[in-house]
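Q: I would like the atomic coordinates for the input below:
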Amino acid sequence: MLLFEYKILFAADFLLAPLLIVMWIGIAMLIRNRKYKGTVIYKYFVPALVARMVGAVLTALMYQYYYGGGDTFMYFFGAKDIFDALLGAPDAAYEMLFVDMSDWKLQTFDHVKFTTFFIKEKEALVVKLGGLFSIVGLGTYIGISLGITFFSFLGCWCLFLVFYHIYPHLHRPFAYAFLFLPSMCFWSTGLMKDPLVIAGLGFFVYGIYFLLMKPNGKWIRDVILILLGVWLMKNIKIYVIASVFPATLIWFFLMFKDKIKNPTLRKIATPVFMIGGGGLAVLAVQMLGNSFAAFSLEGFLEESAKMQWWLTLSTDRDGGTGYTLNFEPTAMGLLKVFPEAVNVTLFRPYLWEARKVIVMPSALEALFSLGYTVYVVYKVGLGKILRYLITEPTVTFCFIFAFIFAFAVGFTSMNFGALARYKIPCLPFYFAGLIILHSKIRYPHLGSTTIAASKAPKEKPALV
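A: The predicted structure is shown next:
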């Protein structure tokens, strides 16, 4: 029996969707009123969540009635098996949630329709988390999707809080970048890997910033968020850690450099910290590569070849919109293709490459990204941009992460449809970097340190 003969949306989904949306919005309003009342960011919390709830419903409709299949189907079937087992066979549900499939009892297999995604570790984690959210969603696909969407939204909100804390006067453009970016509102929702990874990335950055760079004594919460973020990224998409970790190390070094009072020592410290941070970043990635074979050069090329083969095959089979990158399977070959891969992620598909209606929103967003980049470069100037890359640690952090990640997904996707989903972790950071650069023209007399001291709240905005 073929996958497209199955359904993920039923009458119960359409009946429960309004009630569950109201429930999650009600929870959001309680959080907002308790934590953000009287602040300028109060007005963003609920609308940003509503935008994602709409996105979750639209993605569910798209997978059911446009694609008629996809990984999300298999995630749901596994999550539904867990939910059904929770009601009738708690012992089996426990094994499905917390025990590796190789150690299951024979009776547990009787409660599983498809074992495909329980075998693979990354997919199994998404199934298990979907099973947990199915408790709140009453076993419905839309209920699970809305629960995961709310969880992902909290991660995005964490990212927004970090940047708001550093540059409070830029709260509005940061809200657009982290909370209302169309691709984020659409693709960071539902029962998929991407919203869970986005949540992990947000928790990680939030915890690192407030634990190491601007500590306020709530270290237990920050450590928990860091560990949660690392766990999600490591077990679902480890290349996100490989991208954000070097950027975070350099960010930390440059932020620490600003605490040096002597101007001469601070100037000397800048190249020292950059070289030291870069060296530690390379060492960290090398250690990741030793621990996870996929992140050695050979492993990366092997995994990339596999992903390119599959996505190219599925593109040809489904009549999708694909692209190609010509490269040599060497370190120098990767270096040569780096600009082209970054360009694909940030600025493509071009309008004339959007041969399907569903690709058009990605093309329009890519066109905006290209236009805004040209505008910022023109207004700020290349010379000042290079200077700000050294003097503004957060700008450096944003672009290092965005470019590394953009290369990774642009190099491996080979399909604009898949790329639209894969690239969402780096887009808010790229736009945030441009926003900060642009602000240097609008607010030339203000620096991040001055702003943080004069306009930032006395205490960090809480997560919940």
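
Q: And the strands in the stretch 101-250 of the chain?
A: Shown for the stretch 101-250 of the chain, no strands are assigned by DSSP state E, counting those that start in this stretch.

Q: Helices of that one, residue ranges please.
A: Taking DSSP state H, counting those that start in this stretch as the criterion, the stretch 101-250 of the chain contains helices spanning 106-109, 116-119, 121-137, 141-166, 171-178, 182-187, 193-208, 219-236, 239-257.

Q: could you give the mean pLDDT of the fourth one?
A: Right, helix 141-166. What helix 141-166 shows for mean pLDDT is 97.

Q: One more: the last one?
A: Averaged across helix 239-257, the pLDDT comes to 85.

Q: tell me the domain ranges of the chain?
A: 3-187, 295-455 (automatic domain parsing).

Q: Would you format these as TSV with mean neighbour count and distance to Ile236 included?
A: The C-beta positions use only the backbone N, C-alpha and C, and glycine is treated the same way. Below are those laid out as TSV (neighbours: other Cβ atoms under 10 Å; distance: least, Cβ to Cβ, whole Å):
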stretch	mean neighbour count	distance to Ile236
domain 3-187	19	5
domain 295-455	17	12
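
Q: Distance to Asn33 for the helices of the stretch 101-250 of the chain - can I get that in TSV?
A: As requested, the helices of the stretch 101-250 of the chain are exported to TSV (distance: least, Cβ to Cβ, whole Å):
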stretch	distance to Asn33
helix 106-109	44
helix 116-119	39
helix 121-137	22
helix 141-166	15
helix 171-178	19
helix 182-187	23
helix 193-208	21
helix 219-236	21
helix 239-257	32
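
Q: so which of those gets nearest Asp81?
A: Evaluated over the helices of the stretch 101-250 of the chain, closeness to Asp81 peaks at helix 121-137, with 7.8 Å, by Cβ to Cβ.

Q: So which elements touch that closest one?
A: helix 11-35, helix 71-88, helix 90-98, helix 116-119, helix 141-166, helix 193-208, helix 219-236 (3 or more Cβ pairs under 8 Å, 6 or more residues apart in numbering; DSSP states H and E).

Q: What average pLDDT does that helix get?
A: 94.

Q: ok, now stretch 332-345?
A: Confidence over stretch 332-345, taken as the mean pLDDT, stands at 83.

Q: got it, and stretch 28-43?
A: Rounded mean pLDDT across stretch 28-43 is 95.

Q: Please report the separation between the first and final residues of it.
A: Distance between the boundary residues of stretch 28-43 (Cα to Cα, to the nearest Å) amounts to 12 Å.

Q: how far does that stretch sit from the chain's center?
A: Between the centre of stretch 28-43 and the centre of its chain there are 24 Å (Cα atoms, centre = their mean, to the nearest Å).

Q: what does stretch 146-158 give?
A: 11 Å.

Q: For Leu61, which residues are in contact?
A: Counting by Cβ atoms under 8 Å, 6 or more residues apart in numbering, Leu61 makes contact with Leu9.

Q: what about it, which helix or strand?
A: helix 42-62 (DSSP states H and E).

Q: which residues are contacting stretch 21-31?
A: Here stretch 21-31 makes contact (Cβ under 8 Å, 6+ apart) with Phe45, Val46, Leu49, Val50, Met53, Leu146, Gly147, Thr149, Phe150, Val464.

Q: sorry, back to before: is it possible to export the helices and strands packed on helix 121-137 to TSV including distance to Val57?
A: Output for these, formatted as TSV (distance: least, Cβ to Cβ, whole Å):
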stretch	distance to Val57
helix 11-35	6
helix 71-88	14
helix 90-98	27
helix 116-119	23
helix 141-166	7
helix 193-208	14
helix 219-236	23
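
Q: if we can go back for a sec, out of the domains of the chain, which is closest to Phe203?
A: Set against Phe203 and scored by Cβ to Cβ, the domains of the chain come closest in domain 3-187, at 5.6 Å.

Q: centre of the chain versus the closest one, how much separation?
A: What separates the centre of domain 3-187 from the centre of its chain is 14 Å, taken as Cα atoms, centre = their mean.

Q: can you check stretch 187-196 too?
A: For stretch 187-196, the gap between its own C-alpha mean and the chain's C-alpha mean amounts to 9 Å (Cα atoms, centre = their mean).

Q: Can you list the buried residues in it?
A: Trp187, Ser188, Thr189, Gly190, Leu191, Met192, Lys193, Asp194, Pro195, Leu196 (16 or more other Cβ atoms under 10 Å).

Q: could you redo these as TSV and give each row distance to Ala89 and pLDDT?
A: Shown next, in TSV, are those (distance: Cβ to Cβ, whole Å; pLDDT from 0 to 100):
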residue	distance to Ala89	pLDDT
Trp187	35	93
Ser188	33	93
Thr189	31	95
Gly190	27	94
Leu191	22	96
Met192	27	95
Lys193	27	94
Asp194	31	94
Pro195	29	96
Leu196	26	97
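
Q: Relative to Tyr167, which of those is nearest.
A: Nearest to Tyr167, judged by Cβ to Cβ, of the buried residues of stretch 187-196 is Ser188 at 22.6 Å.

Q: right, and the closest one touches Ile198 too?
A: Yes - judged on Cβ atoms under 8 Å, Ser188 makes contact with Ile198 at a distance of 4.6 Å.

Q: Before I go, just wanted to say thanks for your time.
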